[in-house]
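Colleague: Please find the sequence and the predicted model below.
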2 protein chains.
Amino acid sequence: MTQNRDGAGTRAGDAYDAIRQAIRTGHFGPGERLRFSSLQALCGMSVTPVREALTRLTAEGFTVLDDHRGYSVARLSLAELRDITATRQLCEGEALRLAVMKGDADWEARVVAAHHLLARIPQGREGMPSVMREDWEARHGAFHAALISACGSPTLLEICGKLSLQADRYRRMSVSVSGAARDVLGEHRELLERALARDTDGAAEALREHYGRTAAMLANFFEP
Amino acid sequence: MTQNRDGAGTRAGDAYDAIRQAIRTGHFGPGERLRFSSLQALCGMSVTPVREALTRLTAEGFTVLDDHRGYSVARLSLAELRDITATRQLCEGEALRLAVMKGDADWEARVVAAHHLLARIPQGREGMPSVMREDWEARHGAFHAALISACGSPTLLEICGKLSLQADRYRRMSVSVSGAARDVLGEHRELLERALARDTDGAAEALREHYGRTAAMLANFFEP
DNA sequence: AAGTCAACGATTTTCGAAAATCCTTCGGAT
DNA sequence: ATCCGAAGGATTTTCGAAAATCGTTGACTT
């Protein structure tokens, strides 16, 4: 007697999703220690799949392992935010360059569709119901993923994906930061237009500036 | 009663090392299925730490998991070799640029020392005792790691490290490939000289060519 | 009073077996 | 003959408890 549906995944996979979500939403804060007893209660399963989930999360940088001393949520720092941003500008910038060069009509369609979905929700920042905001985050990620989806390099895409997950932790801080005077909507439209116009270097440059602005805004959190 | 020394690591860590080495050396070939029974026999421990090791190895791309169907060694392909090489040229090229710009005297010393150790073993290719060859591989990796060690970006260094591990699997095929007419020693010296001369772009370009040549040589394996 | 070390409690890590899942084989129906 | 489906074996996945490890407390020495 179990609750596993048909050919679905494993319990370890469910634990991975649950714990990652708990970290994303702040249920476990940066630096907080993760005891197995708590996690077993949260996930409703034995220690083995929880442990496997933590191993995966650690490989992706969400958690940190101290041998025989247990796991804890990875801390956030201004230095790391800057580092991740710079690396993203490098990797995702190049990925976009390649995608704009190689992308076919299907890629254009994916990008247009993803942008349309994103644009229907005007702003992803403050004063928004959390359900709607969650939706915005998902569509925002989908738009950026669509942009580089035609780059032709699985390795580069995987790197960009992992960096995006890391950056997401920082982006989530912005729920309470004053939105400043920033036209995120416009930046996305510019990205879309340059990509469709096959302005290879222009699109890559716009993307780098886009990430640079986001990082600059988030940086206010670390020097009070 | 256990064989764990002092404050040493965990069994899972030992299993990780053992299995990774077994894959590196070809004891388990590409695509080969990895049954827990075999791995438990190899590592001399229970299923739990072996499973954790496989989870880590999968996160790094050495193995592949098919839910409820078990793990197997990741396959090699020409397409992936090219993809990894291109991504390496991008990431490690930029890392070297940064390191050459920012590196201090300590960095120079590390690079010179690592190059000296590498140069004492003339060639890492064919007709070499495997123990010596293993040593060459280690020093080769250390030299490349030293070159970029001053780039100032932990994220980028981690990416380069993982890519290097992946590329290592391909490089190991070259034990049986005819060494062609290639001056690896000279390429390394050129890399060293340009780095020390602070020829930022020149060093990065030399590194990209270095990896490009290696990949071109290894490509002979996939089209018979 | 400060320092050392053994014993204890809390927690991680590992084990051996049970449960779940997948693949194959074999019997029967169309 | 072919296709469908159930039983069996092999293997992965998970469980619950035992073993190992770390941090701390408190007695004892200098």
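Modeller: Great, that's in hand. Numbers count the residues shown, from 1 in each chain, chains lettered A, B, ... in the order given.

Colleague: Surely A:Val64 is in a strand?
Modeller: Yes - with DSSP: H, G, I helix; E, B strand; the rest coil as the criterion, A:Val64 is part of a strand.

Colleague: Tell me how far it lies from chain B.
Modeller: 13 Å (CB to the nearest CB, to the nearest Å). In this view, the C-beta of every residue, glycine as well, is placed from N, C-alpha and C.

Colleague: How about that residue, nearest residue that isn't a chain neighbour?
Modeller: By the measure of CB to CB, 6 or more residues apart in numbering or on different chains, the closest residue to A:Val64 outside its immediate chain neighbours is A:Ala74, 5.2 Å from it.

Colleague: thought that neighbour was touching A:Glu32?
Modeller: No - using CB atoms under 8 Å as the test, A:Ala74 is too far from A:Glu32 to be in contact (10.2 Å).

Colleague: Can you name the residues that contact A:Arg198?
Modeller: By CB atoms under 8 Å, 6 or more residues apart in numbering or on different chains, A:Arg198 lies in contact with A:Val100, A:Met101.

Colleague: quick one: pLDDT of it?
Modeller: On pLDDT, A:Arg198 comes in at 98.

Colleague: For it, what are phi and psi?
Modeller: phi 60, psi 30 (degrees, to the nearest 10).

Colleague: Next one: it from A:Ala12, what distance?
Modeller: The gap separating A:Arg198 from A:Ala12 is 44 Å, by CB to CB, to the nearest Å.

Colleague: How about A:Ala167?
Modeller: As defined by CB to CB, A:Ala167 lies at a distance of 25 Å from A:Ala12.

Colleague: One more: A:Arg24?
Modeller: Separation of A:Arg24 from A:Ala12 (CB to CB): 18 Å.

Colleague: So for those two, which residue has more residues nearby?
Modeller: A:Ala12 (23 against 16; other CB atoms under 10 Å in any protein chain shown).

Colleague: May I ask which helix or strand encompasses the more buried one?
Modeller: Per DSSP states H and E: A:Ala12 is located in helix A:11-24.

Colleague: does any bit of that helix sit next to DNA strand C?
Modeller: No - when contact is scored as CB under 7 Å from any atom of the strand, no part of helix A:11-24 falls within range of DNA strand C; the minimum is 9.2 Å.

Colleague: quick one: the helix or strand just after that helix near DNA strand D?
Modeller: Using DSSP H and E, the helix or strand that follows helix A:11-24 towards the C-terminus is strand A:33-34. No - contact of strand A:33-34 with DNA strand D is not found when judged by CB under 7 Å from any atom of the strand; the minimum separation is 11.1 Å.

Colleague: what does strand A:33-34 rub up against?
Modeller: Applying CB under 8 Å, 6+ apart, the contact partners of strand A:33-34 are A:Ile19, A:Phe28, A:Leu54, A:Thr63, A:Gly70, A:Tyr71, A:Ser72, A:Val73.

Colleague: Now do the helices in chain A.
Modeller: A:11-24, A:36-43, A:47-59, A:78-102, A:105-119, A:130-148, A:154-171, A:184-196, A:200-218 (DSSP state H).

Colleague: Apart from its chain neighbours, what residue comes closest to the most centrally placed residue in chain A?
Modeller: When CA atoms, centre = their mean is applied to chain A, the residue found nearest the centroid is A:Leu165 (3.2 Å). Closest residue to A:Leu165 apart from its sequence neighbours, by CB to CB, 6+ apart: A:Glu60 at 6.5 Å.

Colleague: ok, the one you found to A:Val47 distance?
Modeller: Computed as CB to CB, the A:Glu60 to A:Val47 distance reads 20 Å.

Colleague: With neighbour numbers in mind, choose between the two.
Modeller: Higher neighbour count among A:Glu60 and A:Val47: A:Glu60, with 15 against 12, using other CB under 10 Å.

Colleague: Would you enumerate the residues in contact with the more buried one?
Modeller: A:Lys162, A:Leu165, A:Gln166, B:Ala59.

Colleague: Find the least confident helix or strand in chain A, judged by mean pLDDT.
Modeller: Taking mean pLDDT, DSSP states H and E as the measure, the helix or strand of chain A with the lowest value is helix A:130-148, at a mean of 90.

Colleague: Residues touching it, excluding its own?
Modeller: A:92, A:95-96, A:98-99, A:107, A:110-111, A:113-115, A:117-118, A:121, A:123-124, A:128, A:156-157, A:160-161, A:164, A:168, A:171-172, A:175, A:188, A:191, A:195, A:207.

Colleague: Okay, buried residues for it please.
Modeller: Neighbour counts over helix A:130-148 (16 or more other CB atoms under 10 Å in any protein chain shown) mark A:133, A:135-136, A:139-148 as buried.
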